[in-house]
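> just need the structure, nothing else, for what follows:
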Amino acid sequence: MRLKYILLLFFVFGQSFSQSKLDAFLTPSDTLNIPRRNLVVISEASIATVSLVGLHQLWYADYPKSKFHTINDNNEWLQMDKMGHVFSSYQLGRIGANVLNWSGVGKKEQLLYGATLGFGFLTAVEVFDGFSEEWGFSWGDVLSNAMGTGLYIGQELLWDEQRINLKFSFHQTAYASQNPEKLGDGFLEEILKDYNGQTYWLNFNLHSFFKETNIPKWLDLSLGYGAQGMISAAQDVDNQLLKTNERFRQFYLSFDINLSKIKVKNSRFLTSLLDVLNVIKVPFPALEFSKNGCVFHLFYY
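Take a look at the predicted model:
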């Protein structure tokens, strides 16, 4: 019965808000559109406030408070957590700049107030860590946030486009069940917590670098980074076998499809949807380089 109501709502919405109106709404404004700009500012401020308050209540409320303090966690998780900060800051900044572009705000303001969205939000989260006894303010995290923001802003200033972008992929591993509190219990938690299954990709759009060639505009060269053997942040010891788990880094070479370069004629909605999905790497053949040598994966994600 619930499904019927959901389908009915979609039908009514589709009838009252036509494809042409939706496309017109999603099309960026050529000049400053004050109602759109106000909508963006109010929405971002509201979402950020609700997110921070919710995060404080759901995450930090169960742990004891402390005086503000810093920690050095740069050697933990083989730096996979730092890669997550770079990725998150870059993507939040990209979204912040894009929505301001949609409202017709100038390029300078897009970079100043939009592209810094990720750095500002994640720095606020870092301050929460600083007042929590369980964690602490990490300058390594702040530097990683700055790197993600800098990657976006630097390319806009240098090339006026994103020739290099960051992507993410994930697969479940057997490590999560060994420490579900740290690595997650269930697929959704494991995506965020199990660094063993995460891979971060630095994508180079080949056509953007070689514009005079016939290379497809959607083809990217991907360099990936991942790690294995991590049960906790520091080096792990199996108390039953009295041996140290082997932790090692993995590097990948692959290709990818840049979904933001695929323009769907007469459908701004589909173009926008592809741009949103472009944060996830498409499964492709890949070469893995690690302590185990070179391994070929027919499809890696």
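> does L55 touch A124 like I think?
No - in this structure, L55 is not within contact of A124 by CB atoms under 8 Å, at 9.4 Å. Bear in mind the C-beta positions are built from the backbone N, C-alpha and C, glycine included.
> mind listing the strands for the chain?
Taking DSSP state E as the test, the strands found in the chain are 70-71, 137-138, 164-170, 198-205, 219-228, 237-238, 243-244, 248-257, 284-290, 293-300.
> spatially speaking, which residue is in the middle of this protein?
S88 (4.1 Å; CA atoms, centre = their mean).
> quick check: the gap between that residue and T149.
The gap separating S88 from T149 is 10 Å, by CB to CB, to the nearest Å.
> least reliable of the strands of the chain by average pLDDT, please.
Note on the strands of the chain: lowest mean pLDDT is at strand 237-238, with a mean of 52.
> what is the burial count for I47?
If you count neighbours by other CB atoms under 10 Å, I47 ends up with 11.
> which pLDDT value goes with it?
92.
> could you do P180 as well?
Looking at P180, its pLDDT reads 93.
> just give the number of residues close to it.
Count around P180 with other CB under 10 Å applied: 15.
> so what's it closest to, chain neighbours aside?
Distances taken as CB to CB, 6 or more residues apart in numbering place E189 nearest to P180, at 7.9 Å, with adjacent residues excluded.
> any idea how far Y195 is from the one you found?
Using CB to CB, E189 is found at 13 Å from Y195.
> before we move on, what about N33?
According to CB to CB, N33 and Y195 sit 42 Å apart.
> what about the two, which has more around it?
Counted by other CB under 10 Å, N33 and Y195 do not tie: Y195 has more neighbours, with 25 against 16.
> so what's that one up against?
Residues in contact with Y195 (CB atoms under 8 Å, 6 or more residues apart in numbering) are W77, L78, M80, D81, G84, L183, A227, M230.
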